[in-house]
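Participant: Requesting a structural model of the entry that follows:
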Amino acid sequence: MKINRIITIIMILLQKEKISAKALADKFAVSLRTIYRDIEVIENAGIPIITFRGSYGGISILKDYKINKGLFTKDDVIILLKGLNLLSSPILNENEKSTTLEKIKCLLTQQEFNQVGDDVGKLAIDLSPWFSKENINNKIAIIKMALQEQLLLSFNYMKIKNEKVLRTVEPYKLLFKERQWYLQGYCLAKKDFRIFKLSNMSDINKTEIKFIRKSVPDMFAGFKSNMQQKIFKIKLLIDHSILERVLDYCTEKDIEKLNDAQYLVNFDFIDDDYSYGILMSFGSGCICLEPEHVRKEIIQRSEKLIQCYYNL
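Facilitator: Residues are numbered from 1 along each chain as shown. All right, here's what the predicted structure looks like:
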């Protein structure tokens, strides 16, 4: 959009001593004529622009002109820069990230920015999936537009028993939690707020129907309360080879080293398919010592799995 381009040009000019019109045109993939029109708009807004002719010419803002930095301290700006550089997510595409970085950088002097540069690259958070990246990105892009424009979303949703149902919802929030993306929305069919897993959504469409926002409840309040009541401890004997994987689900205080090859683990557990799937994914490196009913259930599930292969 034109206004975003103009704001970004202002921020670039505040950060750089001088930049050519061609460099700006290349950056935004527009014509020189468009850039000159943008510069005229900036001048008309009262920002003092200076142009230099010749082979070493360019465009700059009057050296003594400063934007009001009172809203942010240097530490505030450093935190913003680190946060943007840390985050790699389908929510924030590289163009949006680059544009925002340009705007924030101008709030630091070049010397201050150089000092921050080393720290910025030392940490990273990547919320993008290892596989099916394009699929999840496409879903998020559609949902983002519906969220921004406050439009109803329609999609097919795969329920627990592999039943596919059509849902129309008012979208309110996207959340990434424990390897999964979720959408919180008000379901028109259920007349209540629901949580939808993006991996179970298909044929997502942004409608042209606007909705009036409702008061949004805590996204997982009911779920957390329900899960806390269901959690209990089980005792596992694990091989050292899967210790790293087990640490994805518990802390070191739950683990006792027996010898160089084995560990005893007090593991949070819920009697459902998801939790049994986690235990069985550990394979022969994990044995459930107690309670007995969990151990018996694992045996039954394992025998059923083996029988499926024998029946081929």
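Participant: So this structure: which segments form each domain?
Facilitator: 2-67, 74-122, 134-222, 230-311 (the TED database).
Participant: In the chain, where is pLDDT below threshold?
Facilitator: Counting by pLDDT under 70, the ranges of the chain that qualify are 1-4, 17, 63-134, 222-224, 226.
Participant: By residue count, what's the longest strand in it?
Facilitator: strand 164-177 (DSSP state E).
Participant: Sheet partners, orientation included, of that strand?
Facilitator: Strand 164-177 has the following strand partners under DSSP bridges: strand 151-158 (antiparallel), strand 180-187 (antiparallel).
Participant: contact partners of that strand?
Facilitator: Residues from elsewhere that reach strand 164-177 (C-beta atoms under 8 Å, 6 or more residues apart in numbering): 89, 91, 127, 140, 143-144, 146-147, 152-159, 181-189, 193-194, 196, 202, 207, 211, 213-214, 216, 219-220. In this view, the C-beta of every residue, glycine as well, is placed from N, C-alpha and C.
Participant: Throw together a ChimeraX command that grabs the buried residues out of the residues you listed.
Facilitator: Buried members of these can be picked out in ChimeraX with the line below, counting by 16 or more other C-beta atoms under 10 Å:
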select :89,91,140,143,144,146,147,152,153,154,155,157,181,182,183,184,185,186,187,193,196,211,219
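Participant: for the stretch 151-300 of the chain, what spans make up the strands?
Facilitator: For the stretch 151-300 of the chain, the strands defined by DSSP state E, counting those that start in this stretch occupy 151-158, 164-177, 180-187, 192-197, 201-210, 232-239, 255-257, 262-269, 286-290.
Participant: gap between the residue in the chain sticking out farthest from the centre and A45?
Facilitator: What lies farthest from the middle of the chain is G54; by C-alpha atoms, centre = their mean that is 46.0 Å. As for G54, its distance to A45 is 27 Å (criterion: C-beta to C-beta, to the nearest Å).
Participant: N311 too?
Facilitator: Distance from N311 to A45, counting by C-beta to C-beta: 75 Å.
Participant: And those two? Which one has more around it.
Facilitator: A45 (10 against 6; other C-beta atoms under 10 Å).
Participant: phi, psi of the more buried one?
Facilitator: Here is the backbone geometry of A45 (degrees, to the nearest 10): phi -80, psi 0.
Participant: show me what contacts D203?
Facilitator: 155-156.
Participant: how about 10 Å then?
Facilitator: Listed by C-beta atoms under 10 Å, 6 or more residues apart in numbering, the contact set of D203 reads 154-157, 164, 166.
Participant: top helix in the chain by residue count?
Facilitator: The single longest helix within the chain, with elements called by DSSP state H, is helix 292-310.
Participant: roughly how far out does that one sit from the chain middle?
Facilitator: Chain-centre distance of helix 292-310: 37 Å, with C-alpha atoms, centre = their mean, to the nearest Å.
Participant: got the angle between it and strand 286-290?
Facilitator: Relative orientation of helix 292-310 with respect to strand 286-290: 140 degrees, computed using axes from the mean of the first three to the mean of the last three C-alpha atoms, to 10 degrees.
Participant: what are the C-alpha coordinates of helix 292-310, in CSV please?
Facilitator: What follows is helix 292-310, C-alpha atoms only, in CSV (Å, rounded to 0.1, in the frame of the first residue of the first chain):
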residue,chain,number,x,y,z
GLU,A,292,-0.9,-51.7,36.2
HIS,A,293,-3.9,-50.6,34.1
VAL,A,294,-1.7,-48.4,32.0
ARG,A,295,0.8,-51.2,31.5
LYS,A,296,-2.0,-53.6,30.4
GLU,A,297,-3.4,-51.0,28.0
ILE,A,298,0.0,-50.6,26.3
ILE,A,299,0.3,-54.4,26.0
GLN,A,300,-3.2,-54.6,24.3
ARG,A,301,-2.5,-51.7,22.0
SER,A,302,0.9,-53.3,21.0
GLU,A,303,-0.7,-56.7,20.4
LYS,A,304,-3.4,-55.1,18.2
LEU,A,305,-0.7,-53.3,16.2
ILE,A,306,1.3,-56.4,15.7
GLN,A,307,-1.8,-58.3,14.6
CYS,A,308,-2.5,-55.8,11.9
TYR,A,309,0.9,-56.6,10.3
TYR,A,310,0.4,-60.3,10.6
